[in-house]
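# Give me coordinates for this.
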Amino acid sequence: MKTIKYILLSLLSSVALFTSFYNIYEGGLEQLKPYIKLSFSKPFLIVALIIIIVLMFWLYRKERKGNTYNNIIAGLFTCFLIIGNGYELYGSFLELFKGYHLGLMIVNIFGYYFFIRNLIPLVKDLIIKINNKKLKENKVVKLFNKRPFWFCFIPLFISWAIYYVAFYPIVLSPDPSYQIKQFLGEKTKYLDYSVLINEDVTITNHHPVVHTVLLGSCLKLGRYLVNDNFGLFIYSFLQGICLALTLTRTILFLKKRKINNRYLLLMLTAYALIPIFPLYAINGNKDVYYTIIFINLAICVFEFIHKYQKEKFSWPRAIELFIFSLLLCLFRNNGIFIVIPLYIGLVLYSHKNFCKILTIAICTIGIYFSFTNVLLPHLGITGTSIRETMSLFFQQTAREIKYYEDDISEKDREAIAKVIDYDTAKEKYDPIIADPVKNTFNKYATKEDVKNYLMAWGRGLIKHPLVYIDATLNNTYGYIDPEEISWYIYANYDKRVTQNDLVDYHFNSLTGLRNVLKGYGALFVYIPILGLSCNIGISTWLIIAFAFYLFRNNKKYLIFLLPYAMSILICFASPVNTYFRYAMPVVFSEFLLIGIWLIISEKKRARE
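Sure, this is the predicted structure:
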């Protein structure tokens, strides 16, 4: 009977996973066309299906006893996959209930659920096994134990050197290119997004001023010393050093807490060989420094929770926490939405350090708001616009206009038209990107106009709730569904800064090497198992699974997950679906999070 059960479950899960396999690689092959030629031939698909069936049968033969939490997690992740299927393929969840789609959905629900429920304990046991199996004391291990910092940092940076050679001086994408233009006095589209305080000042806080000044100052320093390219290289080199130091710190942090060398060396190998790390080390986006700061802050928070509930928090540690939390706010405008909930949690957590943490919180928040609301206006630098917080609202309104325009009253049309361009919203609406509609925001809209718009939005929500749900999930499903893979790397030459001979920025002649590295970066996310290490949906799943584990076993550490939870929520409120750089702090923390789970689980087993 057990064999029949395993065969039935294997077939159910194979249908579900084959559907996922097809969805992922159908889009993936299109993206990989410039680098590798593959196609979905019938023999290829048959072989893939057979491999999946065999693996599923092996998995169910290894069936382990689950628990209520595993069942809940499996059910939740199954919902995420089904939602992802609906919106990726049809743009609406309701389409899954029509025709043959309904039957396939039912099969997929059971297939995904039993697969995930059986996979969770298997993955957990595998991680524990890796951590428990000690390495032999050979020369490599002895050197790692003797000089752990240099053993990690030097090989890490050397392994990234080929990217620095190929993409010298830096990879500029649109955002940093516009920031450089702002710093050098060029007018950009961002001046049109807000009512300017001073029309002669070209910098705005749409992109964090601190990062704009850092990027522009490096360029000017290089221009003074050698040339523009050298200045951009100064920036990317310093950023790479900071990222390598941060990733090295994650390994040393876990080593100090007795995590096995086998897992730590696996982390080092991953940091060196997974292409997202070097490709973002050489990228000019603000999110890289933000991620560096985020990871350091996360380590500070864990150390506080781990050690300082009943002990006094030393001032050096307190200053470190203050610096990283302040920098988090200064390097990305939504960092403040992470810092405020975090400090509330820390203040409530430790009565022994109540006054010290409260003082740090007040200083951090006070300095940040003084910087944005006093210093920047004094310098004539315009702040951010309310439009940046309303991406989802505008997407929901635009979808309602597109599909139910006749149901919108004249009063509501007028209210909407005072905030966004009503007449073009239908054409500009893109389910996965809010920017086309958001960019029509009327910067002269008053508070009363925004209030009236929100009232119209509310009435639309009551009339067409499913439209609003569709608009939301179309714009966010990729953050919870591992099948959605897009927007992962930047590796192309962006010539915006070269217009009007503003900056002499150019790549070198190593086009072949760049294409190889670009191909490796594009291909890696599609490699089975390995590609999951930089998958946005998987990183969200990891946070959720970790939260369930902590809720069941050690609730105090849930405070440590607050920055990660808020980061995911910020992704949901963002204007773009499945945008890697928005999720970067969570994805880059995956190996650290698994290591911290090992620390907590070892502590639990020791108590038992």
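
# what is the rounded mean pLDDT of stretch 249-267?
Along stretch 249-267, the predicted confidence averages to a pLDDT of 95.

# Identify each buried residue in that stretch, please.
Residues of stretch 249-267 classed as buried by neighbour count (16 or more other CB atoms under 10 Å): 249-255, 257, 259-265, 267. For glycine as for every other residue, the C-beta is placed from the backbone atoms N, C-alpha and C.

# Identify, from those residues, the entry nearest to Tyr453.
Thr250 (44.3 Å; CB to CB).

# residues touching the closest residue to the closest one other than its chain neighbours, list them.
Beyond its immediate neighbours in the sequence, the residue positioned closest to Thr250 (CB to CB, 6 or more residues apart in numbering) is Leu592, lying 4.5 Å away. With contacts defined as CB atoms under 8 Å, 6 or more residues apart in numbering, the neighbours of Leu592 are 250, 253-254, 295, 298-299.

# helix or strand for Leu592, which one?
In this assignment (DSSP states H and E), Leu592 forms part of helix 590-607.

# Pull out the buried positions in that helix.
Neighbour counts using 16+ other CB under 10 Å place 590-602 of helix 590-607 among the buried residues.

# Same list (the residues you listed) but as TSV, adding pLDDT and distance to Ser14.
What follows is those, written out as TSV (pLDDT from 0 to 100; distance: CB to CB, whole Å):
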residue	pLDDT	distance to Ser14
Glu590	97	27
Phe591	97	30
Leu592	97	34
Leu593	97	30
Ile594	96	28
Gly595	96	33
Ile596	96	34
Trp597	95	30
Leu598	94	32
Ile599	93	37
Ile600	92	35
Ser601	88	32
Glu602	82	36
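
# The residue nearest to Ile543 when sequence neighbours are not counted is in what secondary structure piece?
Leaving aside its sequence neighbours, Ile543 sits nearest to Tyr564 (CB to CB, 6+ apart; 5.0 Å). When secondary structure is defined using DSSP H and E, the element that contains Tyr564 is helix 562-572.

# so how far is that helix from its chain's centroid?
9 Å (CA atoms, centre = their mean, to the nearest Å).

# what's the angle from the next helix or strand after it to helix 562-572?
Beyond helix 562-572 in the direction of the C-terminus, DSSP H and E gives the next helix or strand as helix 580-587. Computed with axes from the mean of the first three to the mean of the last three CA atoms, to 10 degrees, the direction of helix 580-587 lies at 160 degrees from that of helix 562-572.

# what about the strands in the stretch 301-450 of the chain?
Taking DSSP state E, counting those that start in this stretch as the test, none of the stretch 301-450 of the chain falls into strands.

# That one: helices as residue ranges?
Counting by DSSP state H, counting those that start in this stretch, the stretch 301-450 of the chain forms helices over residues 315-331, 336-349, 354-370, 376-378, 391-404, 410-417, 422-428, 435-438, 447-463, given from the N-terminal end onward.

# Give me the contacts around the second one.
Identification of contacts with helix 336-349 by CB under 8 Å, 6+ apart yields 294, 301, 304-305, 309, 325, 328-329, 354, 357-358, 360-361, 364-365, 368, 556, 559, 562-563, 566-567, 570.

# ok and it relative to helix 354-370, angle-wise?
An angle of 170 degrees separates the directions of helix 336-349 and helix 354-370 when computed by the same axes, to 10 degrees.

# If we go by neighbour counts, what in helix 336-349 is buried?
Going by neighbour count (16+ other CB under 10 Å), the buried part of helix 336-349 is 336-340, 342-343, 345-347, 349.

# quick one, it and helix 315-331 angle?
Here helix 336-349 runs at 150 degrees with respect to helix 315-331, directions being taken by the same axes, to 10 degrees.

# same check, this time on the last one
Here the directions of helix 447-463 and helix 315-331 differ by 90 degrees (the same axes, to 10 degrees).

# Touching helix 447-463 from outside, list them.
The list of residues contacting helix 447-463 from outside it, by CB under 8 Å, 6+ apart, reads 386, 393, 396-397, 400, 404, 407-409, 411-412, 415-416, 418-420, 442, 445, 467-468.

# Can you flag the buried ones in those?
Using 16+ other CB under 10 Å as the burial test, these include 393, 396-397, 400, 408, 412, 415-416, 418-420, 445, 467-468 as buried.

# Which single one of these is nearest to Asn500?
The shortest distance between Asn500 and any of the buried ones among the contacts of helix 447-463, using CB to CB, involves Ile420 and amounts to 31.8 Å.

# What's the local residue count around the closest residue to that closest one other than its chain neighbours?
Sequence neighbours aside, Thr440 is the residue nearest to Ile420 in space, at 4.9 Å (criterion: CB to CB, 6+ apart). For Thr440, the count of nearby residues is 18 (other CB atoms under 10 Å).

# Number the chain from 797, please
Right, with 797 as the first residue, what we last looked at is Thr1236.

# For Thr1236, give me phi and psi.
In terms of degrees, to the nearest 10, the main-chain angles of Thr1236 are phi -90, psi 10.

# And the residue nearest to Ile1339, how far from Arg1053?
19 Å (CB to CB, to the nearest Å).

# And the helices in the stretch 947-1096 of the chain?
970-979, 1005-1021, 1024-1052, 1057-1069, 1072-1077, 1082-1103.

# of all those, which lies closest to Ile954?
The closest of the helices of the stretch 947-1096 of the chain to Ile954 is helix 1057-1069. By CB to CB, the value is 8.4 Å.

# quick one: contacts for the residue nearest to Thr1268 when sequence neighbours are not counted?
For Thr1268, ignoring the flanking residues on the chain, the nearest one in space by CB to CB, 6+ apart is Leu1188 at 5.9 Å. With contacts defined as CB under 8 Å, 6+ apart, Leu1188 is in contact with 1230, 1267-1268, 1271, 1368-1369.
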